[in-house]
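Asker: Sequence first, then the predicted structure, then my questions.
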Amino acid sequence: MEDLIEKAKAAIDNAYAPYSKFKVAAVVKTKSGKVYTGVNVENASYGLTMCAERVAVFKAVSEGDRDIEAVVVYTDTEEATPPCGACRQVIAEFNPEALIVMASRKKVVTAKLSELLPHAFTGRSLRS
């Protein structure tokens, strides 16, 4: 996972966070072995802001790669930052058991998405 963390660190300068000043970079690794990066992109109309994790997931999906294996979230902070609820839900759409790696300057914390989002709403929920 260290190589994915390094890719996220390298991408963080591309984040566009003029309002919060909180830059986030993410890397999605799929079962095919491909890697997709994303950064947060803020907007003056805050509701239009897009998180780094969703950017990376959407890039993978737009390339036809839907089997997400792992998501790395990197923030240049002391503490590791988990994905927000919306990002957890989007990741769950493609793998509720994905490995989530939360990395910061000083820490790396890992968890399965199912630990961060127990009882996720999935396509199976629509068929009950």
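Answerer: Perfect, I can see it now. Residues are numbered from 1 along each chain as shown.

Asker: list the helices and strands whichever strand or helix holds residue 69 packs on?
Answerer: Taking DSSP states H and E as the definition, one finds residue 69 inside strand 68-75. For strand 68-75, the contact count by 3 or more CB pairs under 8 Å, 6 or more residues apart in numbering; DSSP states H and E identifies helix 2-11, strand 24-30, helix 52-62, helix 85-94, strand 99-103 as packing neighbours. All C-beta atoms are positioned from the backbone trio N, CA, C, and that covers glycine.

Asker: Check which residues of stretch 28-45 are buried.
Answerer: Neighbour counts over stretch 28-45 (16 or more other CB atoms under 10 Å) mark 28, 29, 30, 35, 36, 37, 38, 39, 40, 41, 42 as buried.

Asker: try stretch 46-55
Answerer: 50, 51, 52, 53, 54, 55.

Asker: center of this structure, which residue is that?
Answerer: Geometric centre of the chain, nearest residue: residue 53, 2.6 Å, by CA atoms, centre = their mean.

Asker: ok, that one - contacts?
Answerer: 24, 26, 28, 38, 71, 73, 83, 84, 87, 90, 91 (CB atoms under 8 Å, 6 or more residues apart in numbering).

Asker: ok, now with 7 Å
Answerer: 26, 38, 71, 73, 83, 87, 91 (CB atoms under 7 Å, 6 or more residues apart in numbering).
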